[in-house]
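Participant: predicted structure and sequence below. I'll ask about it afterward.
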Amino acid sequence: MMDDIDAMFSNLLGEMDLLTQSLGVETLPPESSSSTSKEVNFTMGFADMNVESLNELEENDFDALMADLMADLSATENKLVAELEEQKDAKVANPDLPAPPRELSSYVVPSLSTTTSPDTGLNTTYTPLADSHIPSFSPPQPPQHEKPSMEDVEAQIKSDKIKLALEKLKEAKVKKLVVKVVMNDGSSKTLMVDERQTVRDVLDNLFEKTHCDCNVDWSLSETNPELQLERGFEDHENLVDPLSAWTRDSENKVLFQERTEKYEVFKNPQNFYLWKKDKKTLKDMKDRDKELLVEENFCGPSIIVPDLEGVLYLREDNKKSWKPRLFLLRASGIYYVPKGKSKTRDLVCFVQFDNVNVYYGKEYKNKYKAPTDFCFVLKHPQIQKESQYIKYLCCDDSWMMTLWVTGIRIAKYGKSLYENYKTSMAKAQLTSAWNNRSTTTTSTPSTSSTITNAKASGKANGYAPQPPEEPVANIGIEPPPPPPLPPAQILPPHPTVKRSPSPNATTKKLPSLPTKYPPSQATIFNLPAPPLSQDDISFLPPPPDSDFPLPPPPPDPAFCPVTNRVPKPAPPPRQLYMGADVPAPPPPPPPSFTPTSSVIKTAPLPPKRTTPMQAAPPGGGDFMSELARAMAKKRANQ
Amino acid sequence: MAVWDLSVTLEDLGAEAPPITVSVTSDLHIGGVILKLVEKSQVRRDWSDHALWWEQKQQWLLRPSWTLEKCGIHADARLIFMPQHKALKLGLPNGLTIRVRACFSGSVFRTVLGICKMLNIRRPEELSLLRPVEEKKKKKDKDLSEEVYDLTDVPLTSVHSLCDPVLTDLPSCLVSRPCLYNGMPAHFADSPKTEKVYKIRWLDSSRSLMQQGVQENDRLWLRFKYYCFHDMEPKYDAVRLTQLYEQARWAILLEDIDCTEEEMMLFGGLQYHINKLSLSEPQAMTSTPAMDDLDSALQCLEVKLDVGGSSPQDLLVRYDDSKFHITPKRLTLKGYKQYWFKFKDDSISYYKSKEESLGEPIQQINLKGCEVAPDVNVAGQKFCIRLLIPAPEGMNEVYLRCENEEQYSRWMAACRLASKGKSLADTSFQSEIQSIRSFLAMQQTNPSTNSSQTDDNINTHSLVSPRYSKKYKTKQLAPKILDAYQNVAQLSLTDALLRFLQIWQALPDFGLSFVVVRFKGSRKDEVLGIAPNRLIRIDLGVGDVVKTWRYNNMRQWNVNWDIRQVAIEFDGNVNIAFCCVTADCKIVHEFIGGYIFMSTRSREQSDTLNEELFHKLTGGHEAL
């Protein structure tokens, strides 16, 4: 019986191999003339082609597509081969090993953090086709267990074969779409997206193709011209799902654009969570307080939804009128208060978020006679045409609209939203670190993090925990209580979570980032060059050594945000200035920059991609060094 | 030095026994007094737990080396010699009462540490003791013959020793989730709302039980006081998690915290699920063990092959024998037309007749992402499934009418799974059918048969607050709860508990403790809400939040103990001051200090509790 199964799997494996190979071979010649034959090939593997008919594709689109496809296939091939070899080598595979990778796209940022030990699995799967989706998959070597018995070994081998077979089955069934993405400038790029890819994967892919700055605002969104709707996809969504809902004749588009509201809630949480406060307080919010707010609302056991309530106009079913109503947002849905009822007890559920997405409505003043153009819409993603099941709401101004849409997204997606943001930040920082590597000196994240802590505790401005001081003023017997010891530090330190601050914060704090930390190989903190304001100039660090060899990328991007926590007003502790008199920072032991596999694994961009990027930052670099020189001068004068 | 007589009552001899008189001098220390006393009493026993209590001053004389003079004791002092640890009836959040031996001489904070250690509750700083609501109407309580679990024999180890918890396997009462009294306990339901919410009955955590007038065998409640639950780890926190769940559950059922109907139904569904799970496996705090790899791989393969669908699987065949009626709602109101239905993967196909079911269906409906709702009237033998199926043009409303309960249960379960994108091969299919059946059974019970409920039935009214059990009849309530239950039915017991707590914590009013205060410069009483991260000022008349102050903008706070006023200064020169009306200002002071203490705990820190800091932040007078 077992033998039968075994034989069956062997057969299956063989067949699958053949199948994949034949696919690869057939699609190999890129200039294969008959488009129909290609279409046949595509439809075999990629069932649903309703987004973009291949016939409509232009020549260059097609070439690009072919390249993608080939990379795809050879990647799969390589992966499988590598896997097989590995199995041969190490007769015993660990059953706990992660299943073969599901993602084809290689530059999933979170995976980077797992590659801290450079000696595992470097040798496996690097393929020359560096620029498209190549799996950066590297199976960790099976831990050396004590020798298992023969049966165990056999069972292992069997189960591995099963897994392999499963993998191939999956591979063959993966649904793929050819998607035309409209760029900011109106041009378009055509991509192959398979159903396992998240929006994040596709964005990463687009980053490579477009040489954009990879900041966190870049997003993919869909538009529906018929309903005049627009929605930014969330990074964790699968792209194929929502696209599959489009109708065959749909004029919907996928856009690649910067959307500042995408992660605004993490950059300026006070505007969402304390929106009732006056504008000035919100504007003067300290970065530390912002971090606290994010921490409070996104890092607890449950996600806290902004406390939103206000009058919105609701488009009445089938009527052309918009009626004002008092709406409230709760984690469980949107509610309204019926006329004459109390706000706390008689809430009526308007909609829950399980089955609907939130969209921006465009120009509804014209289309639906809305009171303003600031409308948002809740509907099931499948609904593509006018229907009574679509809910239309209209806000007084654009800010209220952003508030509501963001609030709904928080309620609907919860923690994923924050995870997405952290991933985006890591990606953006890594990329710009990479781009700015020649103009920035370095600092180890760990060093700066200790400095941050030292400062925080050295300054009793309300954040330090310091138990030793009298914390509370409790006045005893004397009636007119003179405030005793200034019990300044009432505030909790929240030392737990160091989170990446918003990009704004990054720029603001920039000047206090001392370049004279013990240099290391990491350049994480890239200075997002452009947005330096004038008054920051004097604080800037001395000129970085421009001959500085390219440092390898940071080992663990997850740590880099920490470096930004240095509070701006506080000068760095004395000892940090040790190097201030030294004209140029001591160059770190020049890490020889060779494109080893470790570099490729950690770096988001393959080396050749960086060349075109050089064009962008040079101005920034000069500016930077100028500022730095000014800074050094100032220090010397002190 | 002059010798004088000091009379001391020995509590152990009984209340009527005359005091023992010992001759002392003013420079005799307390230890010496005790020694003389014990000698004179002629009672041989272990006196090590005993200490002197000074009745007039309401204080313990706990320092043996202090002299009488230093303590200020003269001949008129009435001293009682009594044990420091005494029995206490402790009401737990899950409604059970236990008798424990608690320390009456240390601060309540330390007493709670000791109790929590015995009960194996981590993070004891989050809990405290409070006086129960007075039980006015005794007669209502009569039928609830209260069971008291006596734990007084359990030795209380010193709080200092950080050895293993005393009770390794706890009495199951601590993790049990009894469905209490099938409704509200009388004393809960009776207390007027305002009193319950605004009257803060917490004990002062920096003074001892004795000092606060608590007597032996008195009843106190142990509750979570600070609403920030640090580092909840189901593996170690079985008791903590259960008790917290019970406290949250009662807060919701008693409407201490407002929630909407939808939220209430979800809470109801979760409670139903949790009750069911804890009945079937009382101690199942299990995290599902990772499935055997080979098994899961095979299973996965099986499912995948099914989906491939080259050959019909017998797994699905058994659903083909069901006949169904269907009508698109818009066509006719009454006429259901009969079709042959087939359920496959996540789609329904229908045919004119069984014979044609091998060919092309009239229509195939994919149920993924659709809304499934029951439309059932058991008495009228109406078993309909209402499907709202999304399509580009909107939602299509489809009603499926089943012939009987049995058919309905299976098809309903299948539709629900399919709407979540799961196939019938999913392991939850059978349990889904079961729960639909039990909810159907619930609707069958009419008043006359109410007494003979089967075990499977649940009392829906014990799952929702009185507001909703008044608003709906059982048979209206049941489908609503079932509906919510479907979304959580897959959760393990621990996950269900955690989910319950999560939703509770996401409620807008979560974590607020209220106290009526009078702000400086204001003439009317207002309500101050104290939350883990902020203070809010509420207009008592309207119930609106007027102002919010966050702790991280707080520079300092002061308490003037003489005029009992709390003054707080915030960033930007914002100063507020208020006097407390329904509670002592010490309680407010403790809350603020306590929350600030809670936020200083971090994950990196070990389990050691910085008691000194807590005392400094909450102590008041005593801390100075």
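Facilitator: Ah, there it is.
Participant: by mean pLDDT, flag the weakest helix or strand of the chain.
Facilitator: You didn't say which chain, so I picked chain A. helix A:109-112 (a mean of 32; mean pLDDT, DSSP states H and E).
Participant: wait, chain B was what I had in mind.
Facilitator: helix B:314-317 (a mean of 32).
Participant: any idea which helix or strand comes after the least confident helix or strand of chain A?
Facilitator: Next helix or strand after helix A:109-112 toward the C-terminus (DSSP states H and E): helix A:150-173.
Participant: after that following helix comes which helix or strand?
Facilitator: strand A:176-182.
Participant: who does that next one pair up with?
Facilitator: strand A:188-194 (antiparallel), strand A:253-258 (parallel) (DSSP bridges).
Participant: regarding chain B, what is its longest helix?
Facilitator: What stands out as the longest helix in chain B, according to DSSP state H, is helix B:261-280.
Participant: can you give me the buried ones in that one?
Facilitator: The neighbour-count check on helix B:261-280 (16 or more other CB atoms under 10 Å in any protein chain shown) flags B:261-278 as buried. From N, CA and C alone the C-beta is placed, and that goes for glycine too.
Participant: can I assume A:Y364 is in contact with A:D373?
Facilitator: Yes. Between A:Y364 and A:D373 there is a contact under CB atoms under 8 Å: 6.2 Å.
Participant: these two - which one has more neighbours?
Facilitator: Counted by other CB atoms under 10 Å in any protein chain shown, A:Y364 and A:D373 do not tie: A:Y364 has more neighbours, with 24 against 17.
Participant: which residue, other than its chain neighbours, is closest to that one?
Facilitator: Distances taken as CB to CB, 6 or more residues apart in numbering or on different chains put A:A370 closest to A:Y364, at 3.9 Å, once the chain neighbours are dropped.
Participant: tell me the pLDDT at that neighbour?
Facilitator: Here the pLDDT value assigned to A:A370 is 92.
Participant: state the number of residues packed around it.
Facilitator: Using other CB under 10 Å, the number of residues around A:A370 comes to 20.
Participant: name the element it belongs to?
Facilitator: Per DSSP H and E, A:A370 falls between elements, in no helix or strand.
Participant: which residues does residue 381 contact?
Facilitator: Here I'm looking at chain A. By CB atoms under 8 Å, 6 or more residues apart in numbering or on different chains, the contact set of A:P381 is A:D241, A:P242, A:A245, A:V356, A:N357, B:G369, B:P390.
Participant: you looked at the wrong chain, it should be chain B
Facilitator: B:N404.
Participant: low-confidence bits of the chain, can you list those?
Facilitator: You didn't pick a chain, so chain A it is. Chain A contains residues with pLDDT under 70 at A:1-148, A:318, A:343-344, A:437-638.
Participant: let's do chain B instead
Facilitator: B:134-148, B:150-199, B:281-335, B:442-458, B:603-607, B:621-624.
Participant: centroid residue for it?
Facilitator: Using CA atoms, centre = their mean, the residue of chain B that lies closest to the mean C-alpha position is B:Q247, 2.5 Å off.
Participant: what sits closest to it if chain neighbours are left out?
Facilitator: Nearest residue to B:Q247, sequence neighbours excluded (CB to CB, 6+ apart): B:P93, at 3.8 Å.
Participant: next up, identify which helix or strand that neighbour is on.
Facilitator: Here B:P93 is assigned to no helix or strand, by DSSP H and E.
Participant: ok, it touching B:R223?
Facilitator: Yes. Using CB under 8 Å, B:P93 is in contact with B:R223, at 6.0 Å.
Participant: so what sits against both of those two?
Facilitator: By CB under 8 Å, 6+ apart, the residues touching both B:P93 and B:R223 are B:Q247.
Participant: closest residue of the stretch 501-624 of chain B to chain A?
Facilitator: Residue of the stretch 501-624 of chain B nearest chain A, by CB to the nearest CB: B:S599 (3.2 Å).
Participant: wait, isn't that residue in contact with B:M554?
Facilitator: No. B:S599 is beyond contact range of B:M554, at 11.5 Å (criterion: CB under 8 Å).
Participant: who has more neighbours out of these two?
Facilitator: When B:S599 and B:M554 are compared for neighbours, B:S599 comes out ahead with 23 against 20, by other CB under 10 Å.
Participant: and the more buried one, what element?
Facilitator: Secondary structure assignment for B:S599, by DSSP H and E: helix B:585-600.
Participant: can you show me the CA trace of stretch A:405-419 as CSV?
Facilitator: Only the C-alpha atoms of stretch A:405-419 are listed here, as CSV (Å, rounded to 0.1, in the frame of the first residue of the first chain):
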residue,chain,number,x,y,z
VAL,A,405,-12.0,56.8,5.5
THR,A,406,-8.9,56.3,7.6
GLY,A,407,-11.0,55.5,10.6
ILE,A,408,-12.9,52.9,8.6
ARG,A,409,-9.7,51.4,7.3
ILE,A,410,-8.3,51.1,10.9
ALA,A,411,-11.5,49.4,12.0
LYS,A,412,-11.5,47.1,9.1
TYR,A,413,-7.9,46.1,8.8
GLY,A,414,-6.6,46.7,12.3
LYS,A,415,-3.1,45.6,13.0
SER,A,416,-2.4,44.7,9.3
LEU,A,417,-2.4,48.4,8.5
TYR,A,418,0.4,49.1,11.0
GLU,A,419,2.3,46.0,9.9
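Participant: only the buried residues of that stretch, if you could.
Facilitator: For stretch A:405-419, burial by neighbour count (16+ other CB under 10 Å) applies to A:405-414, A:417-419.
Participant: wait, which of these is closest to B:L241?
Facilitator: Closest approach between those and B:L241, by CB to CB: A:G414, at 21.0 Å.
Participant: any idea how far the closest one lies from chain B?
Facilitator: Counting by CB to the nearest CB, to the nearest Å, the separation of A:G414 from chain B is 9 Å.
Participant: what count of nearby residues applies to the residue nearest to that residue when sequence neighbours are not counted?
Facilitator: Nearest non-adjacent residue to A:G414, counting by CB to CB, 6+ apart: A:I303, 4.4 Å away. The number of residues packed near A:I303 is 20, by other CB under 10 Å.
Participant: A:I303: what secondary structure?
Facilitator: Per DSSP: H, G, I helix; E, B strand; the rest coil, the local secondary structure of A:I303 is coil.
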